[in-house]
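J.: what would the 3D arrangement of this be:
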Amino acid sequence: MTGFDVLDFFEPCGRISCLRDELSVTSDKKKVDASSLKENEDAGLPDDRTTTIDVLDLPHISLKPPKNVLVAILRILKLEQQCNFGPGVENLTPSQFLPNRDLTIEDISDILPWLTIHSPRIASPDSFCQIGSTFTDSRDIVRYLTTILSSPLNWLQDPDVEDIYKAASSRLSERCGRTSIPDFVRKIVLKNLCEKTGCESIQLKEPSLTSDNLGLKTWGSSFILSQRLINDDQRYLKEPIMELGAGTGLIGIVVAHLGYHVTLSDLPEILPNLKENIKLNHASAQADCHELDWTRPDPFIKENPNSLKGYNTLIFSDPVYSTNQPLWVADISERFLRKSTEAHILLQVPIRSGFQKERDELWALMEDKGFQLVESHQQDGYDDFGEQKFVFRVYRWYSSYL
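T.: This is a model prediction of the structure:
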């Protein structure tokens with residue numbers, strides 16, 4: 001079943017409407033001190049990880065849990081780092097899992113006596129850790145967090161109350177859909193990337209998503225196209241290369257790691273985050289970054305006079321999300337594609353139901369500009385909002401235009 005895409009609710013001339021995701025949990029019971037915790041783990045003793053728990057097994061606010069219990073609960077509820085387009089949870093031991101949540105075995109040992117009395121089903125290290133790996137997609141956990149935020153917490157000191165509210169707010173925002181998630185770093189893992197480049201993953205910083213900074217999100221199209229380029233870079237990548245509308249930089253960074261020099265371009269409000277991601281992924285030697293407004297390319301040309309010679313590869317990923325964009329894509333392609341038989345345009349576009357007219361207009365404009373469609377594929381993939389179909393197209397100049 002096809003999932004929701006925020007741009008399905010974004011009219012070509014309109015604004016984004018926020019979607020809400022919600023999330024769920026599991027765990028068990030047992031009381032252990034810090035030393036026995038480690039001993040059980042090292043000895044490979046059986047644990048309670050297969051026992052399902054309910055949100056009702058978490059400490060109820062009416063029990064007035066102490067600060068260290070609430071802090072541990074809220075830290076363990078922190079969602080995993082986003083990997084590709086969904087949280088990935090590994091089967092880790094407590095000593096491996098807890099540091100990812102700013103917790104130690106000693107922290108858990110300290111709260112086990114209280115949990116044993118008041119929340120016995122999560123009063124073991126394994127069951128407590130399972131809270132973090134399974135309460136990720138449940139409406140109930142959203143209600144639980146709301147209960148904390150609506151409580152005066154008057155048995156705690158004022159500074160402690162503010163800390164609890166802040167942590168609960170963060171956990172809640174993580175569970176209210178992509179448009180509500182605060183700044184985070186997305187981990188991208190691509191098949192054969194490590195084998196071909198020695199780079200195990202790409203780390204992409206993504207600020208909060210709003211309707212006026214769509215370029216600050218990593219979209220599914222860039223993931224699909226990056227994988228295609230890794231699989232067959234010699235077929236699709238001919239220098240000089242420019243990515244237009246680079247966004248968070250995934251494709252350009254992958255191209256750079258594959259050993260090609262690439263120019264990444266986007267609007268001025270996108271560039272600071274784009275440059276940061278290039279540095280974060282140690283791609284600065286092979287990738288340069290420049291401002292390019294598709295409606296006003298002259299400043300870019302002035303800064304990059306060699307661009308007048310054109311590029312052998314132009315890359316667009318998800319470039320159509322307004323009524324103006326088909327014309328802008330066609331015009332900027334005509335301006336910068338080198339007049340050469342080997343020069344081509346790579347276009348990866350999601351098939352969003354609300355943008356059929358714009359896609360059809362883009363295909364017609366590309367033909368009118370003298371570009372011949374030489375390759376086209378449709379494939380299934382994912383974005384933050386669920387399953388998505390994508391179309392990949394390659395265009396070259398008609399011979400009569402050379």
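J.: just checking, next helix/strand downstream of the worst-scoring helix or strand of the chain on mean pLDDT?
T.: For the chain, scoring each helix and strand by mean pLDDT, DSSP states H and E identifies helix 34-43 as the least confident one, at a mean of 44. Reading on from helix 34-43 to the C-terminus, the next helix or strand found by DSSP states H and E is helix 67-76.
J.: which residue ranges of the stretch 251-400 of the chain form helices?
T.: In the stretch 251-400 of the chain, the helices defined using DSSP state H, counting those that start in this stretch lie at 271-280, 298-303, 325-336, 356-368.
J.: quick check: which element contains Leu172?
T.: Applying DSSP H and E, one finds Leu172 within helix 158-174.
J.: contacts for the next helix or strand after that helix, please.
T.: Elements were assigned by DSSP H and E; along the chain past helix 158-174, the next helix or strand is strand 184-188. Residues outside strand 184-188 that contact it (Cβ atoms under 8 Å, 6 or more residues apart in numbering): 81-84, 201-206, 218, 223, 226, 248, 250. Heads up, the C-betas are built off the backbone N, CA and C, glycines and all.
J.: what about the stretch 151-300 of the chain, any weak spots by pLDDT?
T.: Confidence mapping of the stretch 151-300 of the chain against pLDDT under 70 gives the ranges 177-182, 209-215.
J.: could I get the full set of strands for the stretch 301-402 of the chain?
T.: In chain order, the stretch 301-402 of the chain shows strands spanning 313-317, 344-350, 371-383, 386-397, with DSSP state E, counting those that start in this stretch as the criterion.
J.: got JSON lines for the ones you listed, with mean pLDDT, mean neighbour count and distance to Pro326 too?
T.: Supplementary listing: the strands of the stretch 301-402 of the chain in JSON lines, determined by pLDDT from 0 to 100; neighbours: other Cβ atoms under 10 Å; distance: least, Cβ to Cβ, whole Å:
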{"stretch": "strand 313-317", "mean pLDDT": "98", "mean neighbour count": "25", "distance to Pro326": "11"}
{"stretch": "strand 344-350", "mean pLDDT": "97", "mean neighbour count": "24", "distance to Pro326": "11"}
{"stretch": "strand 371-383", "mean pLDDT": "94", "mean neighbour count": "15", "distance to Pro326": "13"}
{"stretch": "strand 386-397", "mean pLDDT": "94", "mean neighbour count": "19", "distance to Pro326": "13"}
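J.: need the ones you listed in CSV with distance to Arg186, can you?
T.: Output for these, formatted as CSV (distance: least, Cβ to Cβ, whole Å):
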stretch, distance to Arg186
strand 313-317, 15
strand 344-350, 18
strand 371-383, 12
strand 386-397, 16
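J.: most tightly packed of the helices of the stretch 251-400 of the chain?
T.: The highest mean neighbour count among these belongs to helix 325-336 (a mean of 20), with neighbours defined as mean count of other Cβ atoms under 10 Å.
J.: contacts for that helix?
T.: By Cβ under 8 Å, 6+ apart, the residues outside helix 325-336 that reach it are 242, 244, 294-295, 297, 307, 310-311, 314, 316, 319-320, 345, 347, 358-359, 361-362, 365-366, 368-371, 395.
J.: what angle separates it from helix 356-368?
T.: Note on geometry: by axes from the mean of the first three to the mean of the last three Cα atoms, to 10 degrees, helix 325-336 and helix 356-368 are set 20 degrees apart in direction.
J.: what's the angle from helix 325-336 to strand 313-317?
T.: If you take the same axes, to 10 degrees, helix 325-336 sits at 160 degrees to strand 313-317.
J.: state the distance from the residue nearest to the spatial centre of the chain to Thr248.
T.: Closest to where the C-alpha atoms of the chain average out (Cα atoms, centre = their mean) is Arg186, at 4.5 Å. Counting by Cβ to Cβ, to the nearest Å, the gap between Arg186 and Thr248 amounts to 8 Å.
J.: identify the contacts common to those two.
T.: Each of Leu204, Glu206, Thr218 lies in contact with both Arg186 and Thr248 under the rule Cβ under 8 Å, 6+ apart.
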